[in-house]
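*Asks:* what's the 3D shape of this:
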Amino acid sequence: MPGVTNDRLTDALPLADLMPWSVAPLRLGRSWPVAPDAASLRARWDSFVRSGPAEREALLEPSRVRTLHAAAAQLPGQRAGTEPLAQAAGPCPEPVRVLHGPFDEQWLIPDQRLIDAARPELWRVADARQLFLVEQGYVPEAGGPAVLACAVLPEGRSPAGRPGRIRPLYRRPDGAEPNVAPGLLTHLSGTYDTEVRAEDLLAWILAVAVRDAAGCRVPLTADPDAWARGVELGRRVLWLQRRGEGTERPKLPGGRRPYVRAPLPDRPAELLYDRDEEALLVGEGRISPVPAAAWDFHVGGVRVLEQWFGRRTARGEPGTLSAVRPATWPQAWTSELLELVTALALLAELRPLQDELRETLGADPVTPAELRRARILPVPESAHRPASVLDHHEEGPGGQFALL
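*Replies:* Residues are numbered from 1 along each chain as shown. Take a look at the predicted model:
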């Protein structure tokens with residue numbers, strides 16, 4: 001991480017010691033149940049259920065765990081069939097919003113019969129109160145954020161490098177039982193003489209977390225002023241990563257705002273950047289001003305804007321369900337692109353403040369030894385496991401119900 005030397009990380013704690021419960025990334029097994037627009041998913045499902053047995057098997061793209069005849073339970077909180085896919089009929093299960101990659105919200109058919117490893121434990125705690133922290137894969141000298149946060153369910157795959165883990169902020173629905181090492185919030189509250197909530201710790205992590213070959217680590221400070229600055233900075237990072245909240249959206253300073261200066265073509269084939277003109281060239285279309293910092297924003301060694309664009313213009317192999325895509329570039333994608341440019345530019349402006357804060361943290365750290373003396377470390381094994389969720393039934397294969 002630029003601006004942070006190894007000696008300053010001596011007392012940094014593994015993220016797993018702060019937020020112990022983590023889940024591996026989802027493993028889809030096939031690409032067609034996810035798409036940038038919900039209409040394509042419904043069209044793909046309709047093509048699937050209208051097909052005959054032999055064609056249906058080819059369209060499914062079966063894997064070792066997901067075939068036309070494999071059984072699978074409903075995902076928690078979702079309405080999908082539980083009969084084998086060979087018998088599936090009717091409308092598409094209602095698509096849900098997911099984070100398909102860094103800064104890339106797409107839609108997913110929430111049907112466990114289509115997903116090799118859907119991680120039901122994540123779906124059980126996904127609600128309006130939940131936030132997810134997603135570790136990014138480590139790529140040497142690549143820079144970029146070590147962790148990202150989102151309110152929608154993340155797939156968790158990193159664009160490059162070994163994928164990290166998904167860490168929900170709460171272990172139970174409705175914001176109950178923070179996924180924080182037992183006793184840590186109380187200890188930090190005493191250190192700073194102010195209440196420290198789980199949301200504050202999440203903000204701090206977003207502000208100062210670093211990642212190297214050893215994993216994601218978080219330095220903690222005993223300085224109340226440094227803590228307050230970090231939490232405020234992290235809240236801003238979270239707000240930008242979520243592209244604002246409600247009706248409020250991020251805006252560039254000085255009244256600058258990216259606009260469509262030349263209409264985007266129906267099928268843009270390439271994305272280029274004119275650094276001198278601060279212009280994003282979308283085929284024959286043109287968007288400006290686009291700060292260079294937005295174009296240069298990378299996560300896991302991959303340029304965010306290029307990956308976002310590529311996933312919306314890639315054409316699936318003919319004859320596959322992934323090839324079912326919008327005939328023309330939707331206006332909604334243009335709006336999303338303008339919002340993404342703004343958010344990335346503003347996040348880039350925060351990096352010097354984050355680096356400056358990290359530079360001050362070696363002077364007065366909260367050390368692992370201190371947390372061991374307070375009996376917060378080692379974290380009890382139970383905190384690494386998901387909590388029991390007993391507030392609803394889940395339909396298992398063939399309509400059977402399971403109590404969890």
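*Asks:* for the rest of this, base every contact and every neighbour count on C-alpha atoms.
*Replies:* OK.
*Asks:* phi and psi next, for the closest residue in space to residue 274 that isn't next to it in sequence.
*Replies:* In space, and not counting its chain neighbours, residue 274 is closest to residue 280: 6.4 Å by C-alpha to C-alpha, 6 or more residues apart in numbering. Residue 280 adopts backbone torsions of phi -100, psi 120, taken as degrees, to the nearest 10.
*Asks:* for residue 265, see how far away residue 280 is.
*Replies:* 13 Å (C-alpha to C-alpha, to the nearest Å).
*Asks:* which one's more surrounded, these two?
*Replies:* Applying other C-alpha atoms under 10 Å to residue 280 and residue 265 shows that residue 280 carries more neighbours, namely 25 against 14.
*Asks:* quick one on the thing from earlier: how close does the residue nearest to residue 274 sit to residue 294?
*Replies:* 10 Å.
*Asks:* which of the three states applies to the closest residue to residue 188 other than its chain neighbours?
*Replies:* Closest residue in space to residue 188, ignoring its immediate chain neighbours: residue 196 at 6.5 Å, by C-alpha to C-alpha, 6+ apart. Look at residue 196: counting by DSSP: H, G, I helix; E, B strand; the rest coil, its state is coil.
*Asks:* what's the neighbour count on residue 196?
*Replies:* 18.
*Asks:* same deal with the one 4 residues further on?
*Replies:* Residue crowding around residue 200 was assessed by other C-alpha under 10 Å; the count is 19.
*Asks:* swap in the one 4 residues further on?
*Replies:* Taking other C-alpha under 10 Å as the neighbour definition, residue 204 ends up with a count of 24.
*Asks:* just residue 137 next, same as before
*Replies:* Neighbours of residue 137 under the rule other C-alpha under 10 Å: 27.
*Asks:* can I take it that it is in a helix?
*Replies:* No: checked against three-state DSSP, residue 137 lies outside a helix; its state is coil.
*Asks:* could you measure from it over to residue 35?
*Replies:* Going from residue 137 to residue 35 by C-alpha to C-alpha gives 23 Å.
*Asks:* sorry, back to before: tell me who's in contact with the residue nearest to residue 188.
*Replies:* 185-186, 188-189 (C-alpha atoms under 8 Å, 6 or more residues apart in numbering).
*Asks:* if we use 10 Å, what do you get?
*Replies:* Taking C-alpha atoms under 10 Å, 6 or more residues apart in numbering, we find residue 196 in contact with 184-190, 231.
*Asks:* center of the chain - which residue?
*Replies:* Centre of the chain computed as the mean C-alpha position; nearest residue by C-alpha atoms, centre = their mean is residue 154, 4.2 Å away.
*Asks:* you'd agree it is up against residue 130?
*Replies:* No: under the criterion of C-alpha atoms under 10 Å, residue 154 makes no contact with residue 130, lying 11.6 Å away.
*Asks:* before we move on, back to that, tell me, how many residues neighbour the residue nearest to the residue nearest to the centre of the chain when sequence neighbours are not counted?
*Replies:* Leaving aside its chain neighbours, residue 154 sits nearest to residue 99 (4.4 Å; criterion: C-alpha to C-alpha, 6+ apart). For residue 99, the neighbour count with other C-alpha under 10 Å is 20.
*Asks:* next: the one 5 residues further on.
*Replies:* For residue 104, the count of nearby residues is 18 (other C-alpha under 10 Å).
*Asks:* measure the nearest residue to it once chain neighbours are set aside to residue 274 for me?
*Replies:* Distance criterion C-alpha to C-alpha, 6+ apart; nearest residue to residue 104, sequence neighbours excluded, is residue 308 at 6.2 Å. Plainly put, residue 308 is 18 Å away from residue 274 if you go by C-alpha to C-alpha.
*Asks:* the two - which one has more neighbours?
*Replies:* Neighbours were counted for residue 308 and for residue 274 using other C-alpha under 10 Å; residue 308 has more, 19 against 14.
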